[in-house]
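**Student:** build me a model from this:
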Amino acid sequence: MSDATALDHADAMIEQAWKRPIAELEKAAPRLPVEDAMLRAAMHHRSHLVIVSNSIAVHQDRLHALTRPGHVPAFYDLDRITASASALRAAYAESNTAVQMIRHVIDARELALTAEGSPNAQRVRAATARSSRAPHPLGLPADQPAPPSAAAAAQPVANRR
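**Tutor:** Below you'll find the predicted structure:
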């Protein structure tokens with residue numbers, strides 16, 4: 001069985017997709033949010049994965065301490081063991097989800113890069129375009145700014161009894 005963690009797997013995927021070391025990409029991601037939104041998204045998911053990986057390590061250590069060889073758990077330890085095992089399983093599921101999110105971002109990036117010459121290029125560019133302005137309503141082309149939202153006062157709701 002391999003000792004590679006989900007974080008190692010994610011780092012390898014990101015480095016392979018951008019063809020640069022992860023340390024260099026970590027420095028570039030905050031500076032290039034508009035130029036490479038896919039890198040920013042992948043690094044955001046990676047930072048979440050770092051937190052989840054630390055959580056996995058903590059839950060594993062706690063579970064190993066509660067179930068060490070030669071130790072008979074007390075009655076009140078059973079709840080702690082169950083809670084630790086449950087939290088560990090949840091952290092593993094969260095870790096797998098973060099790796100899948102990174103894979104989806106990389107797949108979307110590859111699709112965007114290969115679609116430049118295809119008929120779907122306009123759709124891919126519109127789907128991956130990021131804007132610092134307000135989000136665009138559905139149906140508006142990506143190159144037109146969104147209309148200003150109407151600021152209306154909230155109407156009081158009548159008490160219906």
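**Student:** for Pro21, give its distance to Asp61.
**Tutor:** 30 Å (CB to CB, to the nearest Å). Where C-beta positions appear, they are placed from N, C-alpha and C, glycine not excepted.
**Student:** ok, Glu26 next?
**Tutor:** As for Glu26, its distance to Asp61 is 26 Å (criterion: CB to CB).
**Student:** same check on Ala41?
**Tutor:** The value you get for Ala41 to Asp61, if CB to CB is used, is 31 Å.
**Student:** please apply the same query to Leu78.
**Tutor:** Taken as CB to CB, the span from Leu78 to Asp61 is 18 Å.
**Student:** cool, Ala93 as well?
**Tutor:** Note on Ala93: its distance to Asp61, by CB to CB, is 19 Å.
**Student:** by mean pLDDT, point me to the weakest helix or strand of this structure.
**Tutor:** Least confident helix or strand, the chain: helix 121-128 with a mean of 58, by mean pLDDT, DSSP states H and E.
**Student:** these two touch, right, Glu110 and Ala17?
**Tutor:** Yes. With contact defined as CB atoms under 8 Å, Glu110 counts as touching Ala17 (7.3 Å).
**Student:** looking at the two, which is more packed in?
**Tutor:** Between Glu110 and Ala17, Ala17 has the larger neighbour count (other CB atoms under 10 Å), namely 20 against 12.
**Student:** now Pro69: phi and psi?
**Tutor:** Note on Pro69: backbone dihedrals following degrees, to the nearest 10 are phi -60, psi 140.
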